[in-house]
Every structure is written in C-alpha cells, then in structure tokens.
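Participant: Next input, structure requested:
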Amino acid sequence: GQHTSELYDEQRNLQYQGVCREANVNILVDTGANASLCIENLQSEQSSHSCYQRCSLSNDPRSDPRLFADSVYIKYSLRMNSGQTPKVRYASLDKLLERLMDARFLGVEYLNTFLLTYRCFTDGHTVLGYIINTYYDALAKLPDNGVPESPSYLPKNNIFEKQSPPPRHSLTSVGSDPVFMAGKYYSEVAMRVFNVIKSWISKYYQDFVSDPSLHQRLMVFLEQVASNDSNMTQCGRKAVNIIHRSLALQEGSSAAYPIGEIYNQYFNKSGEYSCLSGLSVQVECDVMAQQLTILEHWALTEIAPNEFLDKSWVKDKDRAPHICSIMQRCDKMSNMVASEVLSGETASTRAKTINRWINVANLCRKYNNFASLLQVIAGLTFSAIQRLKYTWCIVPQEMKNELNALKEVASVSNRFKNMKAEIKRCDPPCVPYVGVYLADLISIEEGVQNLNSNGLINFAKMRMLAHTILEIRLYQQTYYDIEVLPDVIKQILVNCSNALSEDKIFERSYTLEPRNQRSPVAPNIEHSVSVA
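Facilitator: Numbering: from 1, shown residues only. Just a heads-up that it's a prediction; the model follows:
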C-alpha cells in the first residue's frame, strides 16, 4: 500500500526529472547559460563555506549519515546532489524550514528550490516568521542576553506577533567554554539567516512588492537587529548593510527596456490608432527582427516566477497576467502576419510580403528569438494563407525551402522537441517561446502530486518545477544590446491590435482567391518575385 504508492511517486518523479533535464547537477551552476548567475551562486557557496569553516560546530555533514536518516517527517532520495549528499524527497513543512536554516547544509540548490516553490505549500509570512524566530532563538542562547517575552519591535495582536521558537539542534561539545560555544553557534545561525534573506531579496523581490506587510515585517526585523543587537559581529553588520543595499537596489531598479509605457498605451487599443499597411515593407527586415526581439524579451522579463506555479495561467489568469498577455499577443502577432500578407491586392504583392516575413523569421532565429519565430511561422502557415495557390506559385523555391526549415524548428511535435534542442545549443541572450516550458510544467503538475499518502510535501516535485523555471530565469536576466526604436515598437503594437480576426482572415482570403478560381501554372512564374 504505502510502500507501493511511494515507489510509484518516485518513478513518476524520475520520469519527469527526465522531462526537465535534471541530471544530478547543480541546477544553476552547471547550466552554463548565464555566467553572471553562475558566478553569483559560486560566490554564495564560497561565502557560506567560508563562514561554515570559521564558525561551524559540527563536522562535514556528508560524513554523518544520521543527518540523512529517514523518519516519519522526512525522507531522502538515493539520488545525490552536486555536493554528494542525499536529496530531500518528502518532508513536512517544519522539516523543510528547519533544513533551510541549518548552516550545515550549504548548497544553493536547496535554497533556490525552496525560495522559488515555497508558494506551493506555504506563504511568505510563515517563512519569514521562521527565519526571524531562528535568529532570536540563537540570540537567546547567548549568556545574559535573552529576548524579551514581548519585544518592542513586534506590535501585539497582529501579523508581527512573535511565534513560538522552533525546536533547534542541541549544541555539540566542541570546547569546554560554553560562552565560546554559544557565540560560535550564534554566528553560524546569524550568517545563515542573512544569507537566506539576501538570496530571497535579490532573486524574488517581487514577493515583497506584492505583499507590503511582508516587506514591512522584514524592514522592522533588520532595523531592530542593526540597532539593538550588541552581540553582532563586524561580519554580521556588513551582512545587514548588504541586505539594505540589495533592498535599495531592487527598489530603485528600472526596466532594462523602456517599453512598458509604450506597450500599455498602444497594445489592445484596436481602432484608436491608425494601422500602417505593409509594416514589413516599410521597415527593414533586420530592424523589424531586432525590435520584435526586444519586445518579446521585455515581455519575458516581466513574468514573475510565481506565475509559473500551480498552472496559474490556466486556473486563475489574474495570478499570471504576464503569461496570459504573452499568449494573447502571440495569437495577435500571428494574425498580424497573415493580415499583412492579405493586405496585398495582387498575388505578386502578397508573395513579396511572404518573402520579407520569411527573412524576418530567419533573422529572429539568428537573434535566438524563438518566440517571434514561432509567431511569424504560425501566421505564414495559417490555412487561409496556405490556400493562396496563385500567391505561393510566385514565391521562389529558395524561400519555400527556408520556410520549411523554419517550420521544423517551430514544430509542436514531441512537445517542441526541435525548438528545445536549438534553445539548448544557443548562447544567451535568448527569447524562448514560453509555451515550451508551460507544456513541461503542466506535465509535472498533472503527473506528480504535491503531497504523498502521508501528507508530506513532495520536494522532489518542487525540484523539478524549480529546474524548469530557473532555466527561464536565466534567459530573463541576460539582456540584448539592441537600441529600442519607440516608433517601430509602437507601430508593431498598433498593427498587432488592429489585425484581422480569424473569421475576417478567411473571408479576405476567399475574396482574393475564390475557391473555384483556375489553378495557375507554376513553371511560368516561379521566379518572378525577388528574394528581397
């Protein structure tokens, strides 16, 4: 019964780990897709390891099998992480929080996975409350320095009320001086607390933006620690200062691309602004591809990590506004391409438009912009466009061959297998099509349960979700060095908003080339349109 269920869950976990390309490596350090993130995580590990060597009261955790023994509240997988220690497979919330704050476990993989996926099984106030309690629990162990029962920094009868301190590991005998031992223990815990908070702020600051009370609670804690804790070491004060600088940096950061205001003003404003007929003809192909790339990468960077969790783009679109906006614009962009082709009154004009959009798609591929590549190919392979026999007979065979190659890249078969392979081979910056990852996330969500039969959190599933989402974040945080041209972005958005609907596209197609129109003779006109 129970054993069989857990074996089944493990098999499903392993299956979807293959989907997410989890291969016994540190999911951030070994991806190789973003040097700055790799360096950041390497520095984090080195900093934690240095602190651990200076003040740890325990031996290397890898040498103590008792730390990885299964119990009623936590179970480990036989698969190892990059530090050659067993991975958490199932655990209670208390055990996950306890491990998060235990300085004996130094790897960034667990930290990154927890901070990204905790929303699936708890909330920010519970996590921050545990972090704060852990700090004051260690502080209370210092001689002659207990925490008051009702600390002045905690308003009573509200969300800031101090919770009961969680159970902690007992101090091990590393020396005969209890004061020395307590000081070492405090330093170890304090540095772990500050490292977790810094990682949380720098990587998931949106959590504090979306919940002002969580932000206030954090600021109250940091101010209290900085002003009243006489036991804090110089290293600890530096850590608090770094956290404050990180907060200031996040609060003062501006968008890498000045597109948000243009987007809000012109997208989905059908009929309010004049549509530029033949946009692809008016703008050079390379300029068009660059601006499409910037537009799509800006949209990708707007997505918050929590939008990828719990199939929110399907269940509650208000929880995933940016994902839903991307999917909506993807359809409109495809309709825009088809509309521009059909804006030509003659077959020759339509063929020229097709040629230019094929060139734009090729350039998007060059810029690793797979989102726009798919949108353009979807527009050109619309059945209402494919049926234009007179038009396609004028398109040179060379361009048709290029289109076929692009169609292979954008194929949805085997869950975008070809596109995934090309994305994996490219170097950032890159704009992947978000639907590639949404398909994987849906498979994980539907194939693996959040809880096992005993009510323990399936942390193996959280790792698989994190692996997929962190790959997207790598691409979110590597920017293009391309100048934004507001006029071109504006016109793309206007034309996109004013594109013909599906019904109108078919109606226009049949008007231009009726069903019973005599088929053309291809050989006589095959190369009558240049590839320009």
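Participant: roughly how far out does the longest helix belonging to the chain sit from the chain middle?
Facilitator: Identified as the longest helix of the chain according to DSSP state H is helix 178-203. Put simply, helix 178-203 sits 28 Å off its chain's centre (C-alpha atoms, centre = their mean, to the nearest Å).
Participant: Packing partners of it?
Facilitator: Judged by 3 or more C-beta pairs under 8 Å, 6 or more residues apart in numbering; DSSP states H and E, helix 178-203 is in contact with helix 35-55, helix 108-117, helix 124-140, helix 234-252. Heads up, the C-betas are built off the backbone N, CA and C, glycines and all.
Participant: can you map out the strands along the chain?
Facilitator: Counting by DSSP state E, one finds strands in the chain at the ranges 74-80, 86-91, 457-458.
Participant: and residue 401, which of those strands is closest to it?
Facilitator: strand 74-80 (45.3 Å; C-beta to C-beta).
Participant: For burial, what's the neighbour tally of residue 425?
Facilitator: As a burial measure, residue 425 scores 8 neighbours (other C-beta atoms under 10 Å).
Participant: Residue 481 now?
Facilitator: 5.
Participant: now the helices: where do they sit in the stretch 401-532 of the chain?
Facilitator: 413-425, 434-447, 459-476, 486-497, 502-512 (DSSP state H, counting those that start in this stretch).
Participant: Tabulate those helices in CSV, adding columns for distance to residue 100 and mean pLDDT.
Facilitator: Output for the helices of the stretch 401-532 of the chain, formatted as CSV (distance: least, C-beta to C-beta, whole Å; pLDDT from 0 to 100):
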stretch, distance to residue 100, mean pLDDT
helix 413-425, 31, 92
helix 434-447, 22, 94
helix 459-476, 11, 95
helix 486-497, 42, 92
helix 502-512, 49, 95
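Participant: between these, which one is nearest to residue 259?
Facilitator: helix 486-497 (6.2 Å).
Participant: Just the buried positions in the closest one, please.
Facilitator: 488, 489, 490, 491, 492, 493, 494, 495, 496, 497 (16 or more other C-beta atoms under 10 Å).
Participant: Switch these over to a markdown table; also include distance to residue 77.
Facilitator: Formatted as a markdown table, the buried residues of helix 486-497 follow (distance: C-beta to C-beta, whole Å):
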| residue | distance to residue 77 |
| --- | --- |
| 488 | 51 |
| 489 | 47 |
| 490 | 52 |
| 491 | 53 |
| 492 | 48 |
| 493 | 48 |
| 494 | 53 |
| 495 | 52 |
| 496 | 47 |
| 497 | 49 |
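Participant: that older thread, now do the longest helix of the chain and helix 459-476, the angle between them.
Facilitator: 50 degrees (axes from the mean of the first three to the mean of the last three C-alpha atoms, to 10 degrees).
Participant: and helix 178-203, average pLDDT?
Facilitator: Taken as a whole, helix 178-203 has a mean pLDDT of 85.
Participant: Mind putting the strands of the chain into JSON lines with mean neighbour count and distance to residue 349?
Facilitator: Below are these laid out as JSON lines (neighbours: other C-beta atoms under 10 Å; distance: least, C-beta to C-beta, whole Å):
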{"stretch": "strand 74-80", "mean neighbour count": "16", "distance to residue 349": "59"}
{"stretch": "strand 86-91", "mean neighbour count": "23", "distance to residue 349": "60"}
{"stretch": "strand 457-458", "mean neighbour count": "23", "distance to residue 349": "57"}
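Participant: Among the helices of the stretch 401-532 of the chain, which comes closest to residue 261?
Facilitator: Comparing the helices of the stretch 401-532 of the chain by C-beta to C-beta, helix 486-497 comes nearest, at 9.3 Å.
Participant: residues contacting residue 435?
Facilitator: Going by C-beta atoms under 8 Å, 6 or more residues apart in numbering, residue 435 touches 327, 330, 374, 416.
Participant: Residue 409 versus the third one, what's the distance?
Facilitator: When C-beta to C-beta, to the nearest Å is applied, the distance between residue 374 and residue 409 equals 8 Å.
Participant: before we move on, the earlier item: let me know the angle separating the longest helix of the chain from helix 108-117.
Facilitator: 60 degrees.
Participant: how deep is the closest residue to residue 183 other than its chain neighbours tucked in, by neighbour count?
Facilitator: Counting by C-beta to C-beta, 6 or more residues apart in numbering, residue 183 lies nearest to residue 142, which is 6.9 Å off, once chain neighbours are set aside. Neighbourhood size, residue 142 [other C-beta under 10 Å]: 15.
Participant: Test my guess that residue 215 contacts residue 208.
Facilitator: Yes. Judged on C-beta atoms under 8 Å, residue 215 makes contact with residue 208 at a distance of 4.0 Å.
Participant: between the two, who's got more neighbours?
Facilitator: Using other C-beta under 10 Å as the criterion, residue 215 and residue 208 rank with residue 208 on top: 22 against 19.
Participant: tell me the contacts of the more buried one?
Facilitator: 124, 201, 214, 215, 218.
Participant: Can you tell me the number of residues neighbouring residue 469?
Facilitator: Quick note: residue 469 (other C-beta under 10 Å) scores 24 neighbours.
Participant: Check the gap between it and residue 212 for me.
Facilitator: In terms of C-beta to C-beta, residue 469 sits 25 Å off from residue 212.
Participant: And residue 471, by the same measure?
Facilitator: 30 Å.
Participant: Of those two, give the one with the bigger neighbour count.
Facilitator: residue 471 (22 against 9).
Participant: rewinding a little: buried sites along the longest helix of the chain?
Facilitator: 181-203.
Participant: thinking again about what came up before, tell me which of the helices of the stretch 401-532 of the chain approaches residue 90 most closely.
Facilitator: Here helix 459-476 is closest among the helices of the stretch 401-532 of the chain (C-beta to C-beta), at 6.5 Å.
Participant: Would you check that the residue nearest to residue 183 makes contact with residue 186?
Facilitator: Yes. Residue 142 is in contact with residue 186 according to C-beta under 8 Å; the separation is 5.7 Å.
Participant: Low-confidence bits of the protein, can you list those?
Facilitator: Across the chain, the ranges flagged by pLDDT under 70 are 1-64, 79-84, 106, 144-180, 228-236, 250-255, 270-281, 517-532.
Participant: could you redo the last one with a cut-off of 50?
Facilitator: Along the chain, the model assigns pLDDT under 50 to residues 1-58, 145-176, 522-528, 531-532.
Participant: Quickly note the distance from residue 393 to residue 513.
Facilitator: 11 Å.
Participant: what does residue 201 give?
Facilitator: Counting by C-beta to C-beta - residue 201 and residue 513 are separated by 59 Å.
Participant: what is in contact with residue 374 and residue 409 at once?
Facilitator: With C-beta under 8 Å, 6+ apart as the test, residue 374 and residue 409 both reach residue 419.
Participant: Compare neighbour counts for those two and give me the winner.
Facilitator: residue 374 (26 against 18).
Participant: isn't the more buried one right up against residue 330?
Facilitator: Yes. Shown here, residue 374 and residue 330 form a contact pair, counting by C-beta under 8 Å, at 7.5 Å.
Participant: Which one's more surrounded, residue 393 and residue 513?
Facilitator: Neighbour tally, residue 393 and residue 513, criterion other C-beta under 10 Å: the higher count belongs to residue 393, 19 against 15.
Participant: thinking again about what came up before, can you pick the most crowded of the contacts of residue 435?
Facilitator: residue 374 (26 neighbours).
Participant: check contacts around it.
Facilitator: Residue 374 touches 330, 410, 419, 433, 435, counting by C-beta under 8 Å, 6+ apart.
Participant: from those residues, which is closest to residue 358?
Facilitator: Nearest member of these to residue 358, counting by C-beta to C-beta, is residue 410, at 12.4 Å.
Participant: any chance of the strands of the chain in JSON lines, plus distance to residue 369?
Facilitator: Shown next, in JSON lines, are the strands of the chain (distance: least, C-beta to C-beta, whole Å):
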{"stretch": "strand 74-80", "distance to residue 369": "36"}
{"stretch": "strand 86-91", "distance to residue 369": "35"}
{"stretch": "strand 457-458", "distance to residue 369": "35"}
